[in-house]
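Peer 1: prediction below, plus the sequence it came from.
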Amino acid sequence: MTEVRNRKSEVAKHNLSAFLSFFWILCPVFCILSHASAEEYTFDISEIEKKPYQLGGYAEVKPVLFWLDKEASIYKLRFYNRDEGSNVEEYRAELQLEGSIEKGISRLYIRTNTQYRKSYSGDSQKTILYEGHLSLKPSVSLTIDLGKKTLKWGKGYAWNPAAFIDKPKDPDEPELSREGFIVASVDYIKSFKGPLKTLSFTPVVIPVYEHINDSFGEINNLNFAVKLYLLFYDTDIDFIFLTGGSKTTRYGMDFSRNITTNFEIHGEFAFINDHQKNYIDRNGNNFRKEYDAKSYLVGIRYLTELDTTYIIEYYHDGKGFTSDEMKKYFDFINRGYDSYVSTGNDALLKRALNVTEGNYGRINPMRNYLYARISQKEPFDILYFAPSITGILNIDDRSFSFSAELLYTGITNLEMRLKTAFIAGERKSDYGEKQNDCRAELRIRYYF
Amino acid sequence: MKKALLFCFILTLVIVMPVYAIDGTELLKQIDRNLNPESFESYRKLINIEPDGRKKEYTLFTVKKGLDKVAALFLAPASEKGRSTLRLGDNMWLYIPNVGKPIRITSLQSVVGGVFNNSDILQLEYAAEYNVEKVKEKGNEYILHLKAKTKTVAYDRIQIWADKNKKLPAKIECLTEKNLLIKTLYFKEVKDFGGGIVRPSVIETDSSLYKGYKSVMIYAKIKKRNFKNEVFTLTFMPNIESLR
């Protein structure tokens, strides 16, 4: 058994070094290819002719290698009945297709996402309709959308506490596209002279029934949301409201403003009426607490003269768990694991798994986080090259994740990114109990 | 008699002088108007050329209204398609489809990389951002010395070399407060775009900061067109394609 594990570990390490080398080999090869294809520039009028239909998207491959933390609670929860060695590999491929047809004032838009994943748990493939809606635009002031749509509300980069009808972002990959909800929405825009330059009003209806938006909240409800946007004294301001029955009524606002040309501040605030929090004690007994939750975010984006961008955000999630609540959850997992090791009975672990999904298992389940990202554009005069580092600190328990990435976009329509991430923290802390200690990945994406 | 002659001479000078004095602000406004109508749509291609000859191209559809409203939509390459940028005076935003809501960007950044920055790509009228300090005449050219009206303008100073007859720029130097050269824009290949628009169709730039790098902007189409103010709003950014 140990021999098999060691062999797996060696193979994994070999594969990792192979794909890291692959990145560095690819860069100059593509540079040479790109140079070889250089021609004189032209601008043919046919390039700008508008077609009634459009097709595009991207294809990407992403091999990932994880270093597992066998002492971590989440490792015990997910791997208790298997031994995968100290590393696991995963190979992901993704195809995102988008297309539209336009006629008169109407436009039909569709975006699908197909993911193939080969990992220690086997092969899987799924295709999801991310967006698919009909837009009617009787005038530039009015747009009516019907169908599946991502609304992308809020001003935060890593988190959006006021984005009540969006799927949550992954702060480790905040720019990844996400699946929308089926909605009916209207955008009405009005411009003015004076300190109030723009006003836009967006009412949204979100039906939640069986097989329609059933992940949004309680089914058999028709929900209603509104966003009022103002550009007032050069500040973007949104007021947001959601009610219905699928989720408790909530109010939000956000803002964004440039203090100077290279210094932006932004913030979000959300007030959630009667939030219900489900939690467990060390013995796995379930409890429910109801209270009004307040979440907020403040952040800055700062660009230096050397083209270094700093994004810093502080996020408080009033819906999140306290350190004590998380410790009890980890204690319960460890109790379940000990019970499984001594008796072979995994009933407690299965109960722990049930409270993990969508609850303790959220990407950031606790209350106070700090996000910092520093990216440098084109260092050493290497055009289209952008290295960056990102850190996310859980302020409550001082655990953190740190990642470094190298992005190269010098070849038209090709994007290559090498990323490594480390997480650290004490036992019974948020990041300290994640199943991986470290991750390395190479992402190659081709747009068409 | 002598006094009468002197009086007539001075009076003649007083009457004639204004005819020859150059009103810098009016001249700058005329240059602005000759470059573009007040409200228009255009198609441009931006090409970044590296010292080794490698290049990257971007195609943009641009709409502008009045002194301080401009928006641009990326039509190519595929990796940038659908992105749009909006400028309202000193405020600038970038919208990336599928990713998120419009984010604020700065005039000194460049959404395309290379020598052109956001302020060059979303250029407002020069008269909206600069005051004319002085105008010199040299041969067949005017040289306009301009100073930024506010600290938020991308370049503290610019100098425009403009053809006296056509009142079109031939060269623009972008400078720091202390007159250090940042970049030079060369206006080339004057073309008749129709509708009375006759202007340079190619703008080349090089930078003293990026030795050997060059960027080129080529205009394929410029047309007078009026837009509603609502086009130049964050909410409309995902819909700029519908204006084509």
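Peer 2: All right, it came through fine. Just so it is clear, the model here is predicted, and its values are computed rather than measured.
Peer 1: top strand in chain B by residue count?
Peer 2: Longest strand in chain B by number of residues (criterion: DSSP state E): strand B:181-194.
Peer 1: can the helix or strand harbouring A:Ser401 be found next to chain B?
Peer 2: In the assignment (DSSP states H and E), A:Ser401 maps to strand A:400-408. No - if you take Cβ under 8 Å from any Cβ of the partner chain as the test, strand A:400-408 misses chain B, and the best it gets is 11.7 Å. C-beta: built from backbone N, CA, C; applies to glycine.
Peer 1: any buried residues in that strand, and which?
Peer 2: Counting neighbours by 16 or more other Cβ atoms under 10 Å in any protein chain shown, one finds that the buried residues in strand A:400-408 are A:400-403, A:405-408.
Peer 1: report the secondary structure state of the closest residue to B:Ala154 other than its chain neighbours.
Peer 2: Leaving out its chain neighbours, the residue that sits closest to B:Ala154 by Cβ to Cβ, 6 or more residues apart in numbering or on different chains is B:Ser119, at 3.5 Å. Using DSSP: H, G, I helix; E, B strand; the rest coil as the criterion, the local structure at B:Ser119 reads helix.
Peer 1: in terms of secondary structure, what does the strand holding A:Ser401 contact?
Peer 2: Using 3 or more Cβ pairs under 8 Å, 6 or more residues apart in numbering or on different chains; DSSP states H and E as the contact criterion, the secondary-structure elements in contact with strand A:400-408 are strand A:385-394, strand A:414-424.
Peer 1: would you turn the ones you listed into JSON lines with mean pLDDT and mean neighbour count?
Peer 2: Putting the helices and strands packed on strand A:400-408 into JSON lines (pLDDT from 0 to 100; neighbours: other Cβ atoms under 10 Å in any protein chain shown) gives the following:
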{"stretch": "strand A:385-394", "mean pLDDT": "96", "mean neighbour count": "19"}
{"stretch": "strand A:414-424", "mean pLDDT": "96", "mean neighbour count": "19"}
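Peer 1: how many neighbours does B:Asn165 have?
Peer 2: Counted with other Cβ atoms under 10 Å in any protein chain shown, residues neighbouring B:Asn165 total 7.
Peer 1: before we move on, the earlier item: what's the closest of the helices and strands packed on strand A:400-408 to chain B?
Peer 2: In terms of Cβ to the nearest Cβ, the element of those nearest to chain B is strand A:414-424, at 6.6 Å.
Peer 1: sheet-wise, list the partners of the closest one with their directions.
Peer 2: Sheet partners assigned to strand A:414-424 using DSSP bridges are listed as strand A:400-408 (antiparallel), strand A:436-447 (antiparallel).
Peer 1: of the ones you listed, which approaches A:Pro207 most closely?
Peer 2: When the strands paired with strand A:414-424 are compared by Cβ to Cβ, strand A:436-447 sits nearest A:Pro207, at 33.9 Å.
Peer 1: skip the chain neighbours and tell me the closest residue to the residue of chain B found nearest chain A.
Peer 2: Chain A sits closest to B:Asn229 of chain B, with a gap of 3.4 Å, by Cβ to the nearest Cβ. Closest residue to B:Asn229 apart from its sequence neighbours, by Cβ to Cβ, 6+ apart: A:Ser191 at 3.4 Å.
Peer 1: list the residues that contact that neighbour.
Peer 2: Applying Cβ atoms under 8 Å, 6 or more residues apart in numbering or on different chains, we find A:Ser191 in contact with A:197-199, B:228-230, B:232-233.
Peer 1: and these, which of them are buried?
Peer 2: For these, a burial check counting by 16+ other Cβ under 10 Å picks out A:197-199, B:229-230, B:232-233.
Peer 1: of the residues you listed, which belong to strands?
Peer 2: Restricting the buried ones among the contacts of A:Ser191 to those inside strands, with DSSP E as the criterion, leaves A:197-199.
Peer 1: so where's the chain uncertain?
Peer 2: In the absence of a named chain, this looks at chain A. Scanning chain A for pLDDT under 70 picks out the ranges A:1-41.
Peer 1: ah, I was thinking of chain B
Peer 2: Where chain B drops into low confidence, which here means pLDDT under 70, it does so at B:1-21, B:99-100, B:108, B:113-115, B:208-209.
Peer 1: what ranges does it have for its strands?
Peer 2: Remark: strands of chain B, listed N- to C-terminal, are B:40-49, B:55-65, B:69-76, B:84-88, B:91-95, B:103-105, B:130-138, B:141-148, B:157-163, B:169-175, B:181-194, B:197-207, B:214-224; assignment by DSSP E.
Peer 1: possible to save these as a markdown table with mean neighbour count and distance to chain A?
Peer 2: Conversion of those to a markdown table gives the following (neighbours: other Cβ atoms under 10 Å in any protein chain shown; distance: least, Cβ to the nearest Cβ, whole Å):
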| stretch | mean neighbour count | distance to chain A |
| --- | --- | --- |
| strand B:40-49 | 21 | 5 |
| strand B:55-65 | 22 | 6 |
| strand B:69-76 | 22 | 6 |
| strand B:84-88 | 23 | 7 |
| strand B:91-95 | 21 | 6 |
| strand B:103-105 | 21 | 5 |
| strand B:130-138 | 14 | 16 |
| strand B:141-148 | 19 | 11 |
| strand B:157-163 | 21 | 16 |
| strand B:169-175 | 20 | 15 |
| strand B:181-194 | 16 | 12 |
| strand B:197-207 | 19 | 9 |
| strand B:214-224 | 19 | 5 |
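Peer 1: I'd like the ones you listed as TSV, with distance to A:Gly320 appended.
Peer 2: Converted to TSV, these look like this (distance: least, Cβ to Cβ, whole Å):
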stretch	distance to A:Gly320
strand B:40-49	45
strand B:55-65	42
strand B:69-76	38
strand B:84-88	35
strand B:91-95	30
strand B:103-105	26
strand B:130-138	51
strand B:141-148	47
strand B:157-163	51
strand B:169-175	49
strand B:181-194	47
strand B:197-207	48
strand B:214-224	47
